[in-house]
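>>> Attaching a predicted model along with its sequence, questions to come.
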Amino acid sequence: MALLEVNQLSIHFGGVKAVQNVSFSIEAGIVYAVIGPNGAGKTTLFNLITGIYTPTSGTITLDHESIGGKTPNELAQRGVARTFQNLQICLNMSAIENVMVGAHLRLDRNLFLAALRWPAIRARDQALRQEAAELMRFVGLQDYLQARADSMPYGALKRLEIARALAMKPRLIFLDEPAAGLNTKETQDVDALVRKVADSGITVVLVEHDMKLVMNLSDRILVLDYGKKLTEGTALEVRNNPDVIAAYLGAHA
Amino acid sequence: MHKSAFSGLYLIMAVLLVLPFVLPNSFYMDLAIRMAMNAVIVLSLNLLIGFAGQISLGHAGFLGIGAYASAVLPTHFDWHPLLALGAGAVCAGVLAAVLARPIFKLKGHYLAMATLGLGIIISIVVRNEAGLTGGPDGMPVPAMALLGHELSGDKLWYWLTAMLLSVAIWFSLNLIDSPFGRALRALHGSEVAARVVGVDVVRYKVSIFVVSAVIASVMGSLTAHYVGFVTPNLADFFHSLELVTMVVIGGMASVYGSVVGAVLLTALPQALTSFEGWETVAFGTILMLCMIFLPKGLVPTLAAKFGKGE
């Protein structure tokens, strides 16, 4: 059975049917891309699977367990991580603390022991700081180990989100437009980074507009248009599908 | 957080050690004690407002619960003052915990309104239950006794509050640089990011609200015993506002800012008495100038100016 199975998933906002009866499944260990024109429902689909929205109907199954309607923190406990299209960085914290907060569920979060500077908690935190620095190097942020998050450029913050997600030690990571707003060089770096993440055994699901990146990276691609599934398949299959060409170029096939 | 984060604490402890020997008279001792007491309350309130980003405009209500528990229970029901202090703290904690869940479903202005209402209700209850509380006139508070000794005199109160202040600063510094504190700051920075990494945001907001309510209640009890008299003003909206102002002037999300804010705003009305009828106007003007020129609060602005973060 696949790692993630989505069946007849729909969400309606009043009269707007943002996602309609979308079904697909993702095998463990692959890079899976979701593409489609603006407003096709890609981010909404991510928000449904990662618990930000509750589906109107349909089921989502993660590793034999139904996760539809679970809250984001319940999903985090099940190894689901994500990044955001519009950055969600804690600008009131340092860069490395943003990564450290990703390890939240793996730590002793006791308030009273923390206030007393409990040695075990301190020691774990010191180790975590090393671990977070390691992750920052992994995503290419070695120059920002001492930086405050609010002093970092946009491209670096995109990577910081990925480092934070990786600190969760997830099974499944959702990347919402990791290359949006980046230049060619930075996009190539993201390409290499996503490949490294996938090679480390984490299943990657990404939404992306950069077709070169998508075609390059993805094992399978889901195409959405007006909230509906247009097609699904390998990069080659999708590229040659006349419906996809029509949706993107606006031609009447 | 660097090791230098604690240097401010050592400096404050050094000042606290020297202070009673250089203060000229009991007027200044009294001022120092009230500064330290306010600083402890503001520290706990800053955890909620500055670090977790949740406003409370009713915090004096919790202060009032503690103060009146310490006044009413020993006077009318013959409770030991220490037991009364504990009862007040439990009462404030339970009230905060029960109300926090519905309250923290709200955000921004609505959260401000809900906490404002809570504070006002508590102060109305205190004002109207005249049979127990003395109503608007207030009531005397019996002295606190510890191990058979009556707690009285400036010196004793000074050392007690100085110790409490040092411990409160140490707790705050430890807390913000821990997994719990990071989760609090993260939900302030981006609530959705905090949820996605697994932070149960409502639970964290509730926890820190309860902690700050309990600390406010305990400090309310101590204030009541120290002053020897309580009035409903202690629990009213203007006192809540004064506490929030201390947080904001000193600096949100700044441990030392809390201390500076409490010290300055406790001293300012005394310093302005020479303005006679105009002291409130001068007070307001100073607050406005602070907010215009130091919008992040005194300590964070100065720290940024001199190039070292807290």
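Looks like it arrived, so ask away.
>>> all contacts plus neighbour counts: C-alpha atoms, from now on.
Noted.
>>> Now do the phi/psi pair for A:S218.
Torsion angles at A:S218 (phi, psi; degrees, to the nearest 10) stand at phi -80, psi 140.
>>> for the strand or helix carrying A:E5, packing partners?
Element membership of A:E5 [criterion: DSSP states H and E] is strand A:4-13. Applying 3 or more Cα pairs under 8 Å, 6 or more residues apart in numbering or on different chains; DSSP states H and E, we find strand A:4-13 packed against strand A:16-26, strand A:57-62.
>>> the longest helix in the chain is where?
All of this is about chain A. helix A:119-138 (DSSP state H).
>>> should've been chain B
Longest helix in chain B, counting by DSSP H: helix B:201-227.
>>> Please identify the buried residues of the strand holding A:E5?
In terms of neighbour count (16 or more other Cα atoms under 10 Å in any protein chain shown), strand A:4-13 has its buried residues at A:4-7, A:9-11.
>>> The next helix or strand after the longest helix of chain A vs helix A:119-138, what angle?
The first helix or strand that comes after helix A:119-138 along the chain, using DSSP H and E, is helix A:154-167. Relative orientation of helix A:154-167 and helix A:119-138, computed by axes from the mean of the first three to the mean of the last three Cα atoms, to 10 degrees: 130 degrees.
>>> contacting residues around helix A:154-167?
With Cα atoms under 8 Å, 6 or more residues apart in numbering or on different chains as the test, helix A:154-167 has contacts from A:81-84, A:87-89, A:95, A:98-103, A:132, A:135-136, A:138-141, A:149, A:173, A:175, A:178, A:181-182, A:186, B:197.
>>> follow-up on the earlier one: quick check: the farthest pair among the buried residues of strand A:4-13?
Across those, no pair lies farther apart than A:L4 and A:I11, at 18.3 Å, counting by Cα to Cα.
>>> my guess is B:Y68 contacts B:V230, does it?
Yes: counting by Cα atoms under 8 Å, B:Y68 does reach B:V230; the two are 7.2 Å apart.
>>> Which of those two has more residues huddled nearby?
Looking at B:Y68 and B:V230 with other Cα atoms under 10 Å in any protein chain shown, you find the greater number of neighbours at B:Y68, namely 31 against 27.
>>> residue contacts, the more buried one?
So B:Y68 contacts B:88, B:126, B:133, B:221, B:224, B:230 (Cα under 8 Å, 6+ apart).
>>> what do you get for A:M100?
Applying Cα under 8 Å, 6+ apart, the residues contacting A:M100 are A:128-129, A:132, A:164, A:167.
>>> one step back: of the contacts of B:Y68, which is the most crowded?
B:S221 (30 neighbours).
>>> To what extent is the residue lying closest to that residue once chain neighbours are set aside buried, counted in neighbours?
In space, and not counting its chain neighbours, B:S221 is closest to B:A67: 4.1 Å by Cα to Cα, 6 or more residues apart in numbering or on different chains. Look at B:A67: counted by other Cα under 10 Å, it has 32 neighbours.
>>> Look at B:A67 and tell me its secondary structure.
helix (DSSP: H, G, I helix; E, B strand; the rest coil).
>>> which ones are touching it?
B:A67 neighbours (Cα under 8 Å, 6+ apart): B:88, B:217-225, B:230.
>>> Just the pLDDT for it.
Note for B:A67: predicted pLDDT of 96.
>>> returning to that earlier point: in terms of distance to A:T44, which of the contacts of A:M100 ranks first?
Closest to A:T44, out of all of the contacts of A:M100 and judged by Cα to Cα, is A:R164, at 21.6 Å.
>>> Surely B:A96 and B:V210 touch.
Yes: at 5.3 Å, B:A96 counts as touching B:V210 under the criterion of Cα under 8 Å.
>>> What are the buried residues along the longest helix of chain A?
So for helix A:119-138, counting by 16+ other Cα under 10 Å, buried means A:121-122, A:125, A:128-129, A:131-136, A:138.
>>> Same question for stretch A:55-72.
In stretch A:55-72, counting by 16+ other Cα under 10 Å, buried: A:55-56, A:58-62, A:67-72.
>>> who touches stretch B:260-268?
Against stretch B:260-268 from outside (Cα under 8 Å, 6+ apart): B:31, B:34-36, B:38-39, B:42, B:243, B:245-251, B:283, B:298-299.
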